[in-house]
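Trainee: Predicted model, plus sequence, below.
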Amino acid sequence: MKIALIAHDKKKADMVAFVKEHLNIFSTHELYATGTTGSMLVKYTGLSIHLKKSGPLGGDQEIGSMVANQLIDMIIFFRDPLTAQPHEPDVSALLRLSDHYEIPLATNRSTADLFISALEK
């Protein structure tokens with residue numbers, strides 16, 4: 001399965017902890033991530049991850065393009081709902097694309113845990 005991993009700045013440490021906790025699952029899938037999040041994940045988990053640009057520099061759009069071309073199967077996006085994002089239109093577009101193409105998208109830890117449970121089965 002092709003999984004995209006994205007996290008806003010205040011959620012990056014949470015993403016690293018989440019992926020480390022489920023390393024056995026993530027290591028069996030093809031992973032993609034926006035630049036800064038992906039770089040941190042590579043550094044702290046040793047996983048092989050296809051890196052896109054940083055979210056504000058077009059990474060969210062790159063992942064969105066993969067969704068539109070049916071090249072992503074699942075997205076885990078730890079969003080920070082309390083901090084304004086300069087690239088909010090890109091984030092909104094990614095959410096719309098995932099809805100349109102029916103790509104499962106977790107925007108918080110609880111939903112991501114449910115996705116991991118499904119992958120374990």
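Mentor: Happy to help now that I have it.
Trainee: buried ones in the helix or strand where Leu114 lies?
Mentor: Using DSSP states H and E, Leu114 maps to helix 109-120. Neighbour counts using 16 or more other CB atoms under 10 Å place Ala112, Phe115, Ile116 of helix 109-120 among the buried residues. C-beta coordinates here come from the backbone N, C-alpha and C atoms, glycine included.
Trainee: what does that helix rub up against?
Mentor: Helix 109-120 is contacted from outside by Met1, Asp14, Phe18, His22, Ile25, His29, Met74, Ile76, Phe78, Pro104, Ala106, using CB atoms under 8 Å, 6 or more residues apart in numbering.
Trainee: circling back to that earlier point, need the buried residues of helix 109-120 in TSV (columns: distance to Ala33 and pLDDT).
Mentor: Below are these laid out as TSV (distance: CB to CB, whole Å; pLDDT from 0 to 100):
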residue	distance to Ala33	pLDDT
Ala112	14	98
Phe115	15	97
Ile116	16	97
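Trainee: Which one of those residues is nearest to Lys53?
Mentor: For these, the closest approach to Lys53 (CB to CB) belongs to Ala112, at 22.6 Å.
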